[in-house]
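1. Sequence and computational prediction follow.
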Amino acid sequence: MIARSLDEALAVITDGCALAVPREASGGAMAATRALIRRGVKRLHLIALPTSSLQADLLIGAGCVETIETSAVSLGEFGPAPRFTAAVTAGTIRVKDATCPALHAAFQAAEKGVPFMPLRGLIGSDVLAQRKDWKVIDNPFGNDDPIVLLPAIRPDVALFHAPLADREGNIWIGRDRELATMAHAAAKTVVTVEKLHEGSLFDDPTLAAGALGGFYIEAIAVAPNGAWPLALADHYGPDAAHLAEYARMAASADGFVAYLDRHVHAPRGRPYVSLLGSPRQSFFTDGGRELFDCAGQGRIDAFFLSGGQIDGEGNINLVAIGDYAKPKVRFPGSFGSAYLYYVVPKVILFRLEHSRRTLVERADFISAPGTSADNVYRPGGPVALITSRCLFTFDRRRRRFALASVHPGHALAKVIENTGFRFDQPPEVPVTAVPSPETLRILRTAVAAQLIEVYPQFAMEVFGVPQSV
């Protein structure tokens, strides 16, 4: 993840990719931009969230951009962006004009894994008229209330510069939370940083709140002064003299080439496991919703889920036994099960108590169904159920469990006797494989030490770890 060179980190930015970059005040990766120009990247679909300045102008002038999607490109107090303006008037690039809120909303749609996001405003503007990919519908919850729908923007790569990274791939972005939105929305994220932080950013409470988990990061390159000549908030300001020089030189095509020769081409001397509820073992920093956004995007491969009741069709009950209005037993609630069960591809059910009380023919209340109708969007669902006695697999097409193995020391007859639902079984039921000595060592040391932070009683009972560890 920590690249040996800037060029190595940028290898994922290929010709024709959709590249997202932030506004100039949020961490423009200018050292990386110059490296891309030197490499000669072509046909980029550049997406600025929500505006750009020198970064976009350089890439456009160097012939790297085919399409730009943005709400504005400007050098601010130094005037219009000269190469952007020249390319648009010459018709050498395509512009997808947008507004700042529209771009933020479209990135948030991708962040949540949904196909579009509604947004107020825009109706009656020529911006909307020029965007054939934006749709106007009647608000289904209102009356004669038109509203604009914006398709999700899912960049191939997000690129930005930040102050710090640690060797686990976590990035400190501070208050520039739109960088997190970019990383959440993009398939891959490349970050250049001022320096590496020794230790984990999540170990320091003052840094953890402003950190972005390495789960989202494809590659990191150390590039001191990597935002120059733009600013890096709270670290250094813009180089006003250089920006003025650029505006003067780039006003003409020959002057821009001279600028490139002087300042660009001149030679220059893993799987992630998140333990919910743990400040140290969870990479989520955007509250509880980040887990669900990740799941909706398809970034979560597997999830462990349990229930007060689990029935033979994979339905789980986390709410109540008996009549819903006057239950015999009330469980805590459904949490996020009715969402995660739908979108996480591999949900592994577990229940330590294997009895007819917990594994039932039909759940009294269905917090989340094991399967859905064919017209329901559902890439996820149960793949297995593990209990204290055995391991089941689940066939979503047949809506039925099958016995895969019986744990050592347990008998098939006892599994049948203590299971409230019918299940399939092979003629010869195998014994569950015993973990290797190395796997047991890892479980009893590294895994147990992490679990005890959130589940001390469970860790003590299962691994024999004292709660004081």
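-> Looks like it came in fine.
2. OK, contacts around the closest residue to Arg362 other than its chain neighbours?
-> What sits nearest to Arg362 in space, not counting adjacent residues and going by C-beta to C-beta, 6 or more residues apart in numbering, is Asp311, at 5.2 Å. C-betas here are computed from N, CA, C, even on glycine. For Asp311, the contacting residues are Asn317, Leu359, Val360, Glu361, Arg362, Ala363, Gly370, Gly420, Phe421, by C-beta atoms under 8 Å, 6 or more residues apart in numbering.
3. Provide a list of residues in contact with the spatially closest residue to His410 that is not a sequence neighbour.
-> With sequence-adjacent residues excluded and distances taken as C-beta to C-beta, 6+ apart, His410 is closest to Arg389, at 4.7 Å. The contact partners of Arg389, taken as C-beta under 8 Å, 6+ apart, are His354, Val406, His407, His410, Lys414, Val415, Asn418.
4. How much space separates the fourth one from Pro435?
-> In this structure, His410 and Pro435 are 16 Å apart, going by C-beta to C-beta, to the nearest Å.
5. what about those two, which has more around it?
-> Neighbours were counted for His410 and for Pro435 using other C-beta atoms under 10 Å; His410 has more, 17 against 11.
6. can you tell me the helix or strand for the more buried one?
-> His410 belongs to no helix or strand when assigned by DSSP states H and E.
7. Check Asp176 too.
-> Using DSSP H and E, Asp176 sits within no helix or strand.
8. and it, how many neighbours?
-> Applying other C-beta under 10 Å, I find that Asp176 has 22 neighbouring residues.
9. separation between it and Ala211?
-> Look at Asp176 and Ala211: by C-beta to C-beta, they are 12 Å apart.
10. Which of the contacts of Asp311 fall within strands?
-> Asn317, Leu359, Val360 (DSSP state E).
11. Cross-check the contact I'm expecting between the second one and Thr419.
-> It refers to Leu359. Yes: counting by C-beta atoms under 8 Å, Thr419 is a contact partner of Leu359 at 5.0 Å.
12. Could you list which of the contacts of Arg389 belong to strands?
-> Among those, the members found in strands (DSSP E) are Val406.
13. Of the contacts of Arg389, just the buried ones, PyMOL syntax please.
-> Buried members of those, defined by 16 or more other C-beta atoms under 10 Å, are picked up in PyMOL with:
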select buried, resi 354+406+407+410+415+418
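14. I'd like the contacts of Arg389 laid out as TSV, including distance to Arg34.
-> Output for the contacts of Arg389, formatted as TSV (distance: C-beta to C-beta, whole Å):
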residue	distance to Arg34
His354	62
Val406	63
His407	60
His410	64
Lys414	69
Val415	65
Asn418	67
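15. Just flag the most distant two among the contacts of Arg389.
-> Using C-beta to C-beta, the pair of these lying farthest apart is His407 and Asn418, separated by 12.8 Å.
16. State whether Val383 is indeed within a strand.
-> Yes: assessed by DSSP: H, G, I helix; E, B strand; the rest coil, Val383 belongs to a strand.
17. just the strands in the stretch 1-150 of the chain please.
-> Along the stretch 1-150 of the chain, the stretches classed as strands by DSSP state E, counting those that start in this stretch are 18-22, 44-49, 51-52, 65-70, 72-73, 94-97, 116-119, 135-138, 146-151.
18. For Glu461, find the nearest of those.
-> Here strand 116-119 is closest among the strands of the stretch 1-150 of the chain (C-beta to C-beta), at 45.5 Å.
19. can you list the residues that contact that closest one?
-> 101-102, 105-106, 108-109, 135, 139, 147-152.
20. Can you say which of those residues are buried?
-> By neighbour count, with 16+ other C-beta under 10 Å, the contacts of strand 116-119 hold Ala102, Ala105, Ala106, Gln108, Ala109, Ile147, Val148, Leu149, Leu150, Ala152 as buried.
21. How is this protein divided into domains?
-> Listed by automatic domain parsing, the domain ranges of the chain are 6-115+152-263, 120-151, 301-417, 435-469.
22. sorry, back to before: can you tell me which of the buried ones among the contacts of strand 116-119 is nearest Pro115?
-> Ala152 (5.8 Å).
23. The closest one contacts Ala110, correct?
-> Yes: counting by C-beta under 8 Å, Ala152 does reach Ala110; the two are 4.1 Å apart.
24. what do the two both touch?
-> Ala185.
25. Make a markdown table out of the ones in strands among the contacts of Asp311 and add pLDDT, neighbour count and distance to Val157.
-> Shown next, in a markdown table, are those (pLDDT from 0 to 100; neighbours: other C-beta atoms under 10 Å; distance: C-beta to C-beta, whole Å):
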| residue | pLDDT | neighbour count | distance to Val157 |
| --- | --- | --- | --- |
| Asn317 | 97 | 24 | 43 |
| Leu359 | 98 | 25 | 46 |
| Val360 | 98 | 20 | 48 |
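26. hmm, back to that, JSON lines for the strands of the stretch 1-150 of the chain, including mean pLDDT?
-> Formatted as JSON lines, the strands of the stretch 1-150 of the chain follow (pLDDT from 0 to 100):
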{"stretch": "strand 18-22", "mean pLDDT": "98"}
{"stretch": "strand 44-49", "mean pLDDT": "98"}
{"stretch": "strand 51-52", "mean pLDDT": "97"}
{"stretch": "strand 65-70", "mean pLDDT": "98"}
{"stretch": "strand 72-73", "mean pLDDT": "97"}
{"stretch": "strand 94-97", "mean pLDDT": "97"}
{"stretch": "strand 116-119", "mean pLDDT": "97"}
{"stretch": "strand 135-138", "mean pLDDT": "96"}
{"stretch": "strand 146-151", "mean pLDDT": "97"}
